[in-house]
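how would this look folded up:
(one chain, ligands or ions: 1)
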Amino acid sequence: MKLTDQEQAMLDGREGAGVQRAMDLLVRYGEALGAERLVDTRNVCGTVGASTPFLRDYATGPGGMDAVFSEFNLDSPVVVKIPVAKVFSCQLIQGVDSTYWKTQGVAPETFELHKKQEAYSARIGIQLMNTCTPYQVGNVPVKGEHCAWMESSAVIYCNSVLGARTNTEGRESTGAAMLTGKIPYWGYHLEENRYGTHLVALEVDVRSTADWGLLGYWIGDKVQERIPVLAGVREVPNMVRFKHFGAAASSSGGVEMYHIPGITPEARTLDEAFGGVKPQEELKYGPAERKAAYEKINSAAHDTDVDYVMLGCPHYNIEQIWEACRLLEGKRVHSNCSLWIFTPRAIRELADKNGYTRIIEEAGGVLMSDTCSALGQVMPKGTKVTAVDSAKQAHYLPAIMGVQTWFGTTEECIRAAITGKWTGGLQ
Ligand code: F3S
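The predicted structure is shown next:
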């Protein structure tokens, strides 16, 4: 891989051992990928999380959090002093809510470790946004901007809706990018890898958020890691619908980018979406495909007694919290059921100010931040049957937490929380 003089100086250790280890990792990683060079980035979303039990020994040992960063973010065989991040970097979703950790069943020692890690991250300049949706709380890269982001639902949003450029990076590469402002130039950073491969013709109206999630779930399963181009979209989806569509497509498959001609920024026309080349495959999404997707996503559920309703995957924005409040106001969550709603901490602040947190609490629910049930593996004790309005969460919960999971609209989920029963169905 060709390095600039500045990059070579970093690799030679002229900016200290931390930056040297970071550059060493990027060179090894880039060469393994076949990248010919690095590219500058000023926008990194990664994690320095240390609440996983096996990291505890590192974090509480003599090297402290530098030992965690050295080993798990830089793959360094020795502990090095970690400098302040060179470029704007933010923390993705974590495993613990700093306010409701007890409700989530998190052990005190894990929470202590979490606090230590947060203080460390803040000290080295990592913004504690703690969300899988950084674009909802002010990190909105511009078209063409090179980023280094983790988290599949954020990556697909970044590439497709914003037209910024990132691969799905890992803890190590984002850690190294934070300290160097560099990332290997390959994959979705290159123009030629961003054209569509599969044409998906919509033969049903896709309008609601649940419908967009279902469509994403079906498409991901069909195209896997390729780039779908959607034709026949009759109504411009808003941010919430894009968010649910992308999260689903990147979990049932590995979709990192899509185009909707005339709507997403890199495809004014169908021809532009495919770069003037014929699609590799043409698919149609009609009533039968929609029904099949719905049945598949609900196939892990059969008991209609729901004991946990989880909302906020990807993290809810304020509009969704407002919607949930309107459905909940003046009602009570059933005594056999729990309702947890997840949002970024900055949006919870806003919900507090708007009185939404109070409405949710008065109904018997909890507005949590910083984590989610699938990633943090947090859910009420003894949960057997869940209901969610997220195709992504429905995809993961049965596998990760071994629970039955119903997928439906937000309204159906809130109804399940109030009655303790699943009564949803394909509309
Ligand atoms: Fe975010 Fe967790 Fe869903 S990380 S996208 S809320 S599975």
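
what parts of the stretch 101-250 of the chain come near the ligand?
Proximity of the stretch 101-250 of the chain to the ligand, by Cβ under 6 Å from any ligand atom, involves residues 132, 153, 247. Backbone N, C-alpha and C define where each C-beta goes, glycine included.

how far away is residue 382 from residue 106?
With the distance defined as Cβ to Cβ, to the nearest Å, residue 382 ends up 16 Å from residue 106.

so what touches the least confident helix or strand in the chain by mean pLDDT?
Taking mean pLDDT, DSSP states H and E as the measure, the helices and strands of the chain show their lowest mean at helix 56-60, namely a mean of 84. By Cβ atoms under 8 Å, 6 or more residues apart in numbering, the residues outside helix 56-60 that reach it are 50, 65, 67-68, 71-72, 109-110, 113, 116-117.

just the buried residues out of those residues, in PyMOL syntax.
The buried residues among the contacts of helix 56-60 can be selected in PyMOL (16 or more other Cβ atoms under 10 Å) with this line:
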select buried, resi 50+65+67+68+71+72+110+113+116+117
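
would you turn the contacts of helix 56-60 into TSV with secondary structure and pLDDT?
As requested, the contacts of helix 56-60 are exported to TSV (DSSP: H, G, I helix; E, B strand; the rest coil; pLDDT from 0 to 100):
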residue	secondary structure	pLDDT
50	coil	71
65	helix	94
67	helix	94
68	helix	94
71	helix	94
72	helix	94
109	helix	90
110	helix	90
113	helix	90
116	helix	92
117	helix	93
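
of the contacts of helix 56-60, which is the nearest to residue 225?
Nearest to residue 225 among those: residue 72, at 26.0 Å, using Cβ to Cβ.

tell me who's in contact with that closest one.
55, 58, 171-172, 175.

can you do 10 Å?
If you count contacts by Cβ atoms under 10 Å, 6 or more residues apart in numbering, residue 72 has them with 47-50, 52, 54-55, 58, 171-172, 175.

swap in residue 187?
Each residue near residue 187 by Cβ under 10 Å, 6+ apart is listed here: 33, 35, 159, 165-169, 193-194, 256-257.

weed out the non-buried ones from the residues you listed.
35, 159, 165-169, 194, 256-257.

need the three-state assignment for residue 87.
Here residue 87 takes the coil state, with states given by DSSP: H, G, I helix; E, B strand; the rest coil.

now it, nearest residue through space, not along the chain?
If you skip the residues right next to it in sequence, residue 87 has residue 181 as its closest partner in space, 4.2 Å away by Cβ to Cβ, 6 or more residues apart in numbering.

that older thread, look at residue 382 and residue 106 and report which has more neighbours.
Between residue 382 and residue 106, counted using other Cβ atoms under 10 Å, residue 106 has the larger neighbour count: 20 against 8.

just the closest residue of the stretch 51-200 of the chain to the ligand, please.
When you check the stretch 51-200 of the chain against the ligand by Cβ to the nearest ligand atom, the closest residue turns out to be residue 132, at 3.2 Å.

and the closest residue to that residue other than its chain neighbours, how far from residue 336?
The spatially closest residue to residue 132, leaving aside those adjacent along the chain, is residue 93, at 4.4 Å (Cβ to Cβ, 6+ apart). For residue 93, the distance to residue 336 (Cβ to Cβ) stands at 29 Å.

so for the two, which sits in the more crowded spot?
Between residue 93 and residue 336, counted using other Cβ under 10 Å, residue 93 has the larger neighbour count: 28 against 11.

so that one touches residue 315, yeah?
Yes. Here residue 93 reaches residue 315: they are 7.3 Å apart, a contact under Cβ atoms under 10 Å.

overlap in contacts, these two.
With contacts defined as Cβ under 10 Å, 6+ apart, the residues shared by residue 93 and residue 315 are 130-134, 153, 342, 344, 369-372.

grab the nearest non-local neighbour of residue 174.
When the adjacent residues along the chain are set aside, residue 174 lies closest to residue 46, with 2.7 Å between them (Cβ to Cβ, 6+ apart).

show me the contacts for the one you found.
Residues touching residue 46, when contacts are defined by Cβ under 10 Å, 6+ apart, comprise 73, 85, 89-92, 126, 148-151, 169-178.

please apply the same query to residue 148.
Neighbour list for residue 148: 26, 39, 41-46, 87, 89, 165-167, 169-170, 173-178, 180-184, 189 [criterion: Cβ under 10 Å, 6+ apart].

mind giving me the PyMOL select for those residues, buried ones only?
Selection of the buried residues among the contacts of residue 148 in PyMOL, burial being defined by 16+ other Cβ under 10 Å:
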select buried, resi 26+39+41+43+44+45+46+87+89+165+166+167+169+173+174+175+176+177+178+180+181+182+183+184+189
